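> coordinates only, no sequence provided:
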């Protein structure tokens, strides 16, 4: 996949690029900080998706969107600090495929990108069967393996099923009752059995069981697979 990131701040451009590259490792990211170069890059680079900031230093992002839409149907997701309803409505009416308000989470961005690619009939791009990368670890969904600091980690079939199920529901708290049914095939499993399985997974991913950041606990709501927010 090729993505064009039109963003006026270097930190945000890098965060978006990292987010896309973590989910789709083969992604090529092209970026620009100015609106005047954006349409030219859409034409020359032929990206599969564009993220567009509205607060560009030279021209308004909506003008950039208008220019892009004059010759291209490439999926465009606006990412802006302008959260008022009028701005969102105007952006969508002018041809944006989606609108994300800053600050946003990693999981929200990925969900929006997948949805837009799915609507644009590019299933080979939004399919989750790739690799998920985090601090020190890689979960290769296609090859069904986990690497921690470059070394392959042995997962039991149950641990793999639990991990992949949480990843495919990234950012969503899955109740323990649902995990018991989906992973173990029973509604009579004790919560302690799930807790122990989650603890083993955390250790194998290098996630601190005392202060987990990857597989998080939600009191009364189960567990979720997460990564930090971008701002």
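In hand now; what should we look at? Since the structure is predicted, the reported quantities are computational estimates derived from the model, not experimental observations.
> so where do the strands sit in the chain?
Secondary structure of the chain by DSSP state E: the strands cover 2-6, 28-32, 49-52, 76-80, 98-101, 104-105, 131-134, 137-140, 145-148, 151-153, 215-218, 222-225, 229-230.
> point out the most buried one among those.
strand 49-52 (a mean of 26; mean count of other CB atoms under 10 Å). All C-beta atoms are positioned from the backbone trio N, CA, C, and that covers glycine.
> the strands of the chain: which one's closest to residue 185?
Counting by CB to CB, residue 185 lies closest to strand 222-225 out of the strands of the chain; the figure is 17.1 Å.
> wait, what's in contact with the residue of the chain most remote from its centre?
Distance to the chain centre peaks in the chain at residue 188, reaching 33.5 Å (criterion: CA atoms, centre = their mean). Applying CB atoms under 8 Å, 6 or more residues apart in numbering, one finds that residue 188 lies in contact with residue 180.
> and residue 60, by the same measure?
When contacts are counted by CB under 8 Å, 6+ apart, residue 60 touches 35, 54.
> just the pLDDT for it.
Listed pLDDT for residue 60 reads 93.
> still on that earlier bit, what's the residue farthest from the centre of the chain sitting at in phi/psi?
Geometry field for residue 188 lists phi and psi as phi -110, psi 10, criterion degrees, to the nearest 10.
> name the nearest residue to the residue nearest the centre of the chain, ignoring sequence neighbours.
Centroid-nearest residue in the chain, with CA atoms, centre = their mean: residue 110, separated by 2.5 Å. The shortest distance from residue 110 to any non-neighbouring residue, by CB to CB, 6 or more residues apart in numbering, is to residue 23 (5.5 Å).
> check that neighbour and give its pLDDT.
As predicted, residue 23 sits at a pLDDT of 74.
> repeat for residue 197
We have a pLDDT of 94 for residue 197.
> okay, domains of the protein per the record?
Residue ranges for the domains of the chain, per automatic domain parsing: 2-126, 131-230.
> highest mean neighbour count out of these?
By mean count of other CB under 10 Å, these have domain 2-126 as the most buried, with a mean of 18.
> what separates it from the chain centre, distance-wise?
Centroid displacement of domain 2-126 relative to its chain, using CA atoms, centre = their mean, to the nearest Å, is 13 Å.
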